[in-house]
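Engineer: Predicted model follows, preceded by the sequence.
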Amino acid sequence: MTARRCRQAPDRADCIPNTRAAASIDRLIPMGSVRLAAVAEESRLSLGRFRHLFAAEIGMPFQRFVLWRRLIIAFDELGMRRSATEAAHMAGFSDSAHFARTIKAMFGIRASDLFIES
């Protein structure tokens, strides 16, 4: 089933439940590792089918989406005046260096360039 048809008939068994999958990912992030197999199982789809539908519906691979969500959570925490280390841990990064490397990989800039106060 195409992504367009899934949006038109989200109750079909072969459509990925976007909000349910995203909610599962957000729930698993603070616990550490987010496994594709765990989210696929919660969605009651095979691993391969889930991976395919996830990429078609969301528009990016599963692991890239998980990293994106981790970054959003960490940036939200930084916005609440948490330290980089606290924000990194709350978003499931192992430490602030891992958070900084992910920023560099995703955006091509150093983390320190993001946090320069004007």
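Structural biologist: Structure received. Everything quoted here is computed from the prediction, not taken from an experiment.
Engineer: Please report the distance of residue 79 from residue 73.
Structural biologist: 11 Å (C-beta to C-beta, to the nearest Å). C-beta here means a position set from N, CA and C on the backbone, and glycine is covered the same way.
Engineer: which one of these two has more residues nearby?
Structural biologist: residue 73 (19 against 9; other C-beta atoms under 10 Å).
Engineer: give the contact list for the more buried one.
Structural biologist: 26, 29, 87, 90, 91, 92 (C-beta atoms under 8 Å, 6 or more residues apart in numbering).
Engineer: do the same with residue 55
Structural biologist: Per C-beta under 8 Å, 6+ apart, neighbours of residue 55: 61, 62.
Engineer: Low-confidence ranges, the chain, go.
Structural biologist: Along the chain, the model assigns pLDDT under 70 to residues 1-18, 115-118.
Engineer: could you redo the last one with a cut-off of 50?
Structural biologist: By pLDDT under 50, the low-scoring segments of the chain are 1-5, 7-16, 118.
Engineer: Which one (most neighbours) among the contacts of residue 73?
Structural biologist: residue 91 (23 neighbours).
Engineer: Surely that one is in contact with residue 99?
Structural biologist: Yes. Counting by C-beta atoms under 8 Å, residue 91 does reach residue 99; the two are 7.2 Å apart.
Engineer: Find the residues that touch each one of the two.
Structural biologist: Counting by C-beta under 8 Å, 6+ apart, the residues touching both residue 91 and residue 99 are residue 74.
Engineer: now the helix ranked longest in the chain, how far from the centre of its chain.
Structural biologist: Identified as the longest helix of the chain according to DSSP state H is helix 62-79. Distance of helix 62-79 from the chain centroid (C-alpha atoms, centre = their mean, to the nearest Å) equals 6 Å.
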